[in-house]
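In: generate a structure from the sequence data that follows.
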Amino acid sequence: MPIHCPVQFSQNAGLVCRCISSLLSGHRRVAGRDAEAIPLYENLMLDPTFAAPVIRARTLVLIADIYEKIGKKPDATARYRDALKLDATNLDASVGLKRVAP
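Out: This is a model prediction of the structure:
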């Protein structure tokens, strides 16, 4: 079930809420605006209180997937590796890293 943002505190508030909803529900796309979502996900990761390590790893995989999709393989590689540091059992991170790592 999607999470609805209760307030519009900025122009990007709706996108932030869709990003979080997407992450929590396991979807990989945010209204076709993947590249715009990267800074929002990255900002979530800067907050040390954001979620348990498994969810943080899942967020990093999501970021890596977007970087891979837009052709930024070095950035994707770094995020997949970071995800595996948080959750060594994350299969998506392992498979993604094999796809993009030199």
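
In: next secondary structure after the longest helix seen in the chain?
Out: For the chain, the helix that runs over the most residues, judged by DSSP state H, is helix 53-69. Remark: after helix 53-69, the chain's next helix or strand is helix 73-86, criterion DSSP states H and E.

In: hey, C-alpha coordinates of whichever helix or strand comes after that following helix in PDB?
Out: Per DSSP H and E, the first helix or strand lying C-terminal to helix 73-86 is helix 91-100. Extracted in PDB, the C-alpha atoms of helix 91-100 (Å, rounded to 0.1, in the frame of the first residue of the first chain):
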ATOM      1  CA  LEU A  91      21.500 -11.000  -3.400                       C
ATOM      2  CA  ASP A  92      20.500  -7.900  -5.500                       C
ATOM      3  CA  ALA A  93      23.700  -6.200  -4.400                       C
ATOM      4  CA  SER A  94      25.800  -9.200  -5.200                       C
ATOM      5  CA  VAL A  95      24.300  -9.800  -8.600                       C
ATOM      6  CA  GLY A  96      24.400  -6.000  -9.400                       C
ATOM      7  CA  LEU A  97      28.100  -5.800  -8.500                       C
ATOM      8  CA  LYS A  98      28.900  -8.700 -10.700                       C
ATOM      9  CA  ARG A  99      27.200  -6.900 -13.600                       C
ATOM     10  CA  VAL A 100      29.000  -3.600 -13.200                       C
END
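
In: which stretches of the protein have low pLDDT?
Out: 1-32 (pLDDT under 70).

In: the residue nearest to residue 56 when sequence neighbours are not counted: neighbour count?
Out: Of all residues not flanking residue 56 in the chain, residue 86 sits nearest, at 5.4 Å (CB to CB, 6 or more residues apart in numbering). (C-beta placed from N, C-alpha, C; glycine too.) Using other CB atoms under 10 Å, residue 86 has 18 neighbouring residues.
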